[in-house]
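# sequence and predicted structure below; questions after.
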Amino acid sequence: MKTYRLSAAGRRNVLVLLVAALLIWVFAFWSFASTLRISYNPVRFWASLQESLAQGLSAGQVVPALLMLVLIVATPLLIWALLAEWAAAYTPTPDGLRFETLGVRVVCPWHCVRGMRPVDADADEPFDELLLDSDPGTQTGHPLTRFLHRQAWGADRLPIYPDLEERDELLAAIRGALEAASRAEHASAPA
């Protein structure tokens, strides 16, 4: 059984995106404090927040602060998804596709895979996903990891990243296994 992982070029792309996401998060964190004129010093935080609220906030402060707050919350989710892509490993087995990344270890049985489809046919890099009958996240024990996995891809999908080494070989193996599972299902169905 062969395991497919991200290529060296894919790792470089993810690394660039990770650095950009970290820079955005640091900028949002800094801008949030400067926009509301608050201090992140644990001793001064509540006092500075109360002073800022007592002085009143203008629309010119509230709107940028809300945007920065959204970035402060959403960027770590993006960072987790990028790290999950970095660590992703796919192994086609006779029973199903085994997918592993950052504490997520799931097996998607071939009979539970409804199909495979391209996410964006017009994209420069192909990105496909497996459509599943059941949620593979239920196989993940830790609730936070399960939440992050579902948040990144949904409960009934599994991504096939564009920058995998020998990606075409993996897709061919998946298609072959799906066709074999479909033939076996039709052969076992009562006439």
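Perfect, thanks for sending it. Numbers count the residues shown, from 1 in each chain.

# distance of Asn13 relative to Leu82?
As for Asn13, its distance to Leu82 is 10 Å (criterion: C-beta to C-beta, to the nearest Å). Any C-beta I mention is one placed from the backbone N, CA and C, and that applies to glycine too.

# scratch that, Ser188 is what I was asking about
Taken as C-beta to C-beta, the span from Ser188 to Leu82 is 42 Å.

# tell me the pLDDT at Lys2?
Looking at Lys2, its pLDDT reads 93.

# give the buried residues for stretch 168-188.
Neighbour counts using 16 or more other C-beta atoms under 10 Å place Leu170, Leu171, Ala173, Ile174, Ala177, Leu178, Ala181 of stretch 168-188 among the buried residues.

# typed the wrong thing, it's stretch 153-164
Trp153, Asp156, Arg157, Leu158, Pro159, Ile160, Tyr161, Pro162, Asp163, Leu164.

# likewise for stretch 112-131?
By 16+ other C-beta under 10 Å, the buried positions in stretch 112-131 come out as Cys112, Val113, Pro126, Asp128, Glu129, Leu130.

# sorry, back to before: which of the buried residues of stretch 168-188 fall within helices?
Leu170, Leu171, Ala173, Ile174, Ala177, Leu178, Ala181 (DSSP state H).

# what's the burial count for Ser34?
12 (other C-beta atoms under 10 Å).

# can you name the next helix or strand after whatever helix or strand it lives in?
Taking DSSP states H and E as the criterion, Ser34 maps to helix 8-36. Next in sequence after helix 8-36, counting helices and strands by DSSP H and E, comes helix 45-55.

# which positions in that next one come out as buried?
For helix 45-55, burial by neighbour count (16+ other C-beta under 10 Å) applies to Ser48, Ser52.

# and if you look at stretch 62-77?
Pro64, Ala65, Met68, Leu71, Thr75.

# centre of the chain to the helix or strand bottoming out on mean pLDDT in the chain, how far?
Lowest mean confidence among the helices and strands of the chain (mean pLDDT, DSSP states H and E): helix 143-153, at a mean of 80. With C-alpha atoms, centre = their mean, to the nearest Å as the basis, helix 143-153 stands 8 Å off its chain's centre.
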